[in-house]
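Asks: Any chance you can model this:
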Amino acid sequence: MAQATLTTGDVVKWRGSLHVIAEIQSGNAALCPVLSTRTVRHRADILIEFPDTLHLGLVDGALIRCKPFVFHNACKLTKDGSLSPALLCRMRRAIEREMDARRVEAGVAKYLVR
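Replies: Predicted coordinates for the structure are as follows:
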């Protein structure tokens with residue numbers, strides 16, 4: 001059976017936990033972890049609201065931590081669902097805010113190209 005092609009917004013399993021693909025390119029994927037229980041909140045966390053938690057089979061109050069990390073072999077990931085377009089849009093905005101905050105903290109101007 002052929003494996004389904006992974007795209008942005010897919011929920012995948014890796015090491016027994018769920019992650020969302022924030023971006024995928026050339027076999028590499030930027031993943032954001034899904035936290036199924038309430039934990040210490042980070043500024044990059046977004047709440048997965050009730051309809052999406054039901055669709056994904058998560059407990060109410062689950063979070064997506066919008067601090068992506070790179071996974072170098074995306075073909076090893078298994079798809080477990082996908083985000084709604086509205087939640088995917090919220091996740092992308094949260095990632096952009098987090099990246100802007102990191103730039104400010106690092107002292108790098110937003111539009112400076114290195």
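Asks: And stretch 28-41, what's buried?
Replies: 29-36 (16 or more other CB atoms under 10 Å). From N, CA and C alone the C-beta is placed, and that goes for glycine too.
Asks: Check stretch 65-83 too.
Replies: Here stretch 65-83 shows 65-68, 71, 74, 77, 81-83 as buried, counting by 16+ other CB under 10 Å.
Asks: Sort out for me which of the buried residues of stretch 28-41 are in strands.
Replies: Of those, the ones assigned to strands by DSSP state E are 29-35.
Asks: Tabulate the residues you listed in JSON lines, adding columns for distance to residue 91.
Replies: Output for those, formatted as JSON lines (distance: CB to CB, whole Å):
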{"residue": "29", "distance to residue 91": "14"}
{"residue": "30", "distance to residue 91": "11"}
{"residue": "31", "distance to residue 91": "12"}
{"residue": "32", "distance to residue 91": "7"}
{"residue": "33", "distance to residue 91": "12"}
{"residue": "34", "distance to residue 91": "11"}
{"residue": "35", "distance to residue 91": "13"}
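Asks: Out of the residues you listed, show me where the pLDDT dips lowest.
Replies: Confidence by pLDDT is poorest for residue 35 among those, given 90.
Asks: Identify the bridge partners of that one.
Replies: Note on residue 35: beta-bridge partners residue 63, judged by DSSP bridges.
Asks: Check the chain and tell me which residue is nearest its centre.
Replies: Nearest residue to the geometric centre of the chain (CA atoms, centre = their mean): residue 32, 3.0 Å.
Asks: Now do the contacts for that one.
Replies: By CB atoms under 8 Å, 6 or more residues apart in numbering, the residues touching residue 32 are 19-20, 22, 64-68, 91, 95.
Asks: sorry, back to before: now, which of the buried residues of stretch 28-41 sits nearest residue 55?
Replies: residue 34 (12.7 Å; CB to CB).
Asks: That closest one against residue 58, yeah?
Replies: Yes. Judged on CB atoms under 8 Å, residue 34 makes contact with residue 58 at a distance of 7.0 Å.
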